[in-house]
Every structure is written in structure tokens, then in C-alpha cells.
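*Asks:* I'd like to go over a predicted model; first the sequence, then the structure.
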Number of protein chains: 2
Amino acid sequence: MKLLEDMIREKGVVKPGNVLKVDSFLNHQMDINLFNEMGKEFKRIFADKPINKILTIEASGIGIACIAAQYFNVPVVFAKKAQSINIDGDVYSTSITSFTHKREYQVIVSRKYLSPEDHVLIIDDFLANGCALQGLIDIVNTSGATVEGIGIAVEKGFQDGGTLIRSMKQNLHSLAIVKSMNPETGEIEFAEDK
Amino acid sequence: MKLLEDMIREKGVVKPGNVLKVDSFLNHQMDINLFNEMGKEFKRIFADKPINKILTIEASGIGIACIAAQYFNVPVVFAKKAQSINIDGDVYSTSITSFTHKREYQVIVSRKYLSPEDHVLIIDDFLANGCALQGLIDIVNTSGATVEGIGIAVEKGFQDGGTLIRSMKQNLHSLAIVKSMNPETGEIEFAEDK
């Protein structure tokens, strides 16, 4: 998606250690006009799927998922990190290892909001090693619902997540796939989404 | 706001210990059509304020803030709980005590996204004891920006937060103010937003 690639080139910052900072428009400050264009693009890509629910994970997936949901006219469910006393005990649960935060955490979705009748589009802001996405797929599969597609804003194409999730025959599409990035020059090269 | 009050009455669940569960439409599964009506109402309430940014806090404030931002045509910044290695060290930081999670945590906003030129609308899903809100106000004040208003979806009017924040002369409006609720009958009474 050219608009997103342009914005990553213009406003993204490449840091050593394969870190791509896009917090000025994607995951700390959020550009809602961009999110609307991304939502329209997800709708175009997944138009032929019988999606009745969007699933994402807190925190930075929520904004993108909610804006996109307007184009599908469906509710959003977000998976929560760690147990809250305000969530019923009756939850689907999975364990995710976060590279960013260097720790493992539990992710939960109430059983009330995913069932075998659901056709789910999973949306998240980033795909790197694919751990969070595997956790969400695991939760959908456990519930008996169907994963109709996976929409990602930015995929780090040089990490394993994309290959891993595509090898699971998941209908994964990323709006921008970073093929390589250079922390010295700041140069970013994109691959095409097939 | 009648639509929100009706939905709380219809789908909210009152539990012992002053717990009001609205996770079927507000803060776990999210009803995006409702969020759009709430966004329009926030715009109506704060129409005369020169708002150029919306500030919220992860996780459940993000969806409401992003949908509302469409009616103000401004970006959203969400305060993050705990430090991530992907955030620059240069942050505004404050400490918040969570009643729900029974612990204290740090909340941060990058200095890049709040400055004295900003006129901020703070949005959150819940107002109970007001700790999270005080933290967000504190961050805006520290940055030199102006709090133009505070928009809350559900205020627990029988807890201290609303009184506290209004006594700070903040322009606070809640779309639904729960005056009392009965865990035995499930009855919920609302107060008017003045």
C-alpha cells in the first residue's frame, strides 16, 4: 500500500537491532486518516470473505481494528494481556512471548465473544516473529471459529513471522512489507504483498 | 446519552463490589456503531474548543478515542503502561494506581507528541476513582499543553472521581453517569450530565 510505505519512508526511524520506529503515526500517536485508508484497503483485500468479527490484541492493534471495522460493519474483540478481575473466569487463554518486552505473558479472550459461528478477521499493527499472531490464531481455533484472513499493517519481511504464518496456509496480507532496512543510512526497501 | 444508557441497562451486568461489566459492547467486545454515536456526541459537546489532539490511555480507551477522532479530524495519542524498549527515553511519566488490577503502574507519553501548542481532549471509557484521569491531566500539564475537555463514556457517579475532577475546574462530561446500581435486582439508575 503506497500511502503506508511512503509514510514509513518519510516518518519511520530505523534503529540498530532491527527496530523500526513508527510511533509518530502508527502505534503511539495515531494518524486516523491513514487508518481509514488502511481500513478501506483491508476491506478491498478481504471483500469476498464472510467476516462477522474482527479480533485484535491490545494495545496498538485496537485503533487500526476499530477504524477498519467500520468498513466491514462488524464488532471488534481485543485480546487482553493478563487476567483482570473484571473478566469472567470463562476465557480462552494462550501464552505469547514478546520480543519487544522480553517476557512471556498470558493473553485471554472471553468465551462469550468467540464461538463456532464466527468468521474472524485478525488485525494487528506489526508482524515480526509471529508469536502474537500465532497466539490469536490459537485462540480462534480453540473457540471453533474460522480465521477468514489476517490483515497486518507493517510486516518485517526479514524476520520469520510472515513465512511461518503463510506456511500454516493462513490468508495473510500485509499492507507494507519491509524487505530490508539500514540503520546507518535510514534506507528502507519494501517487498510486494502477493 | 440515551443510546448508551439504554445499552448499559440492556447489556450491562451489575456484580457485587460495585463492578459494572460492559464488556459485551464497550471494553472487550466493542460496538463500533455505538462508538460512532459517542464520537458525534463528544464532538457536539466540545464543538467550540480548539482541540488539535486526543489523548487516551491503553487499552480500552483507544477504540473510543480513535472513532471520536474522526469527528474532530485530529490524531490520537495513547499513554502507555510501563516502559517499552521501542519508546525513546524522552517521555512524560506519571504513576497511576489501578483499582481493577490492584497495583500501581507507570504511564508514559513521548515528549514528541505533547507540547505547549497542543489543545487536548482527554477521552477514556470509565471514570471511577479518577486515578487514571489525574495521571493523564498531570502529563498534559507537565507538557505545557492545555486540557480543553475530558470526555468519558461511563462514569460511576457514586465513586469519588467525578467530584474530584470537577473540583479541579476541568471541563468534564460523561455520556452516562451511573448514580446507583443494585447487584441483586440488576437495576441501574442514571444521573444527568450537567
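*Replies:* Done, it's in. Residues are numbered from 1 along each chain as shown, chains lettered A, B, ... in the order given.

*Asks:* show the residue spans covered by the strands in chain A.
*Replies:* Using DSSP state E, the strands of chain A run over residues A:13-15, A:19-21, A:29-30, A:53-57, A:76-81, A:91-98, A:103-110, A:119-127, A:146-156, A:172-181, A:188-191.

*Asks:* how about these in CSV, adding distance to residue B:180?
*Replies:* Glycine gets a C-beta too; all of them are placed from N, C-alpha and C. What follows is those, written out as CSV (distance: least, Cβ to Cβ, whole Å):
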stretch, distance to residue B:180
strand A:13-15, 51
strand A:19-21, 47
strand A:29-30, 36
strand A:53-57, 34
strand A:76-81, 28
strand A:91-98, 30
strand A:103-110, 26
strand A:119-127, 38
strand A:146-156, 43
strand A:172-181, 47
strand A:188-191, 56
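
*Asks:* tell me which residue is most central in chain A.
*Replies:* residue A:124 (1.4 Å; Cα atoms, centre = their mean).

*Asks:* what's near enough to touch that one?
*Replies:* A:56, A:57, A:61, A:64, A:132, A:133, A:136, A:150, A:152, A:153 (Cβ atoms under 8 Å, 6 or more residues apart in numbering or on different chains).

*Asks:* check whether stretch A:104-118 comes near chain B.
*Replies:* Yes: using Cβ under 8 Å from any Cβ of the partner chain, stretch A:104-118 reaches chain B at A:109, A:110, A:112, A:113.

*Asks:* same question for stretch A:29-43.
*Replies:* Yes: judged by Cβ under 8 Å from any Cβ, stretch A:29-43 comes into contact with chain B at A:29, A:30, A:31, A:32, A:33, A:35, A:36.

*Asks:* filter those residues down to the ones in helices?
*Replies:* A:32, A:33, A:35, A:36 (DSSP state H).

*Asks:* how many neighbours does the first one have?
*Replies:* The local packing of residue A:32 (other Cβ atoms under 10 Å in any protein chain shown) involves 21 other residues.

*Asks:* cool, residue A:69 as well?
*Replies:* A count of neighbours around residue A:69, defined by other Cβ under 10 Å, yields 28.

*Asks:* let me have the strands of chain A in TSV, extended by mean pLDDT and distance to residue B:165.
*Replies:* Output for the strands of chain A, formatted as TSV (pLDDT from 0 to 100; distance: least, Cβ to Cβ, whole Å):
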stretch	mean pLDDT	distance to residue B:165
strand A:13-15	96	36
strand A:19-21	95	33
strand A:29-30	98	24
strand A:53-57	98	30
strand A:76-81	96	26
strand A:91-98	88	32
strand A:103-110	89	30
strand A:119-127	98	31
strand A:146-156	98	35
strand A:172-181	98	39
strand A:188-191	97	43
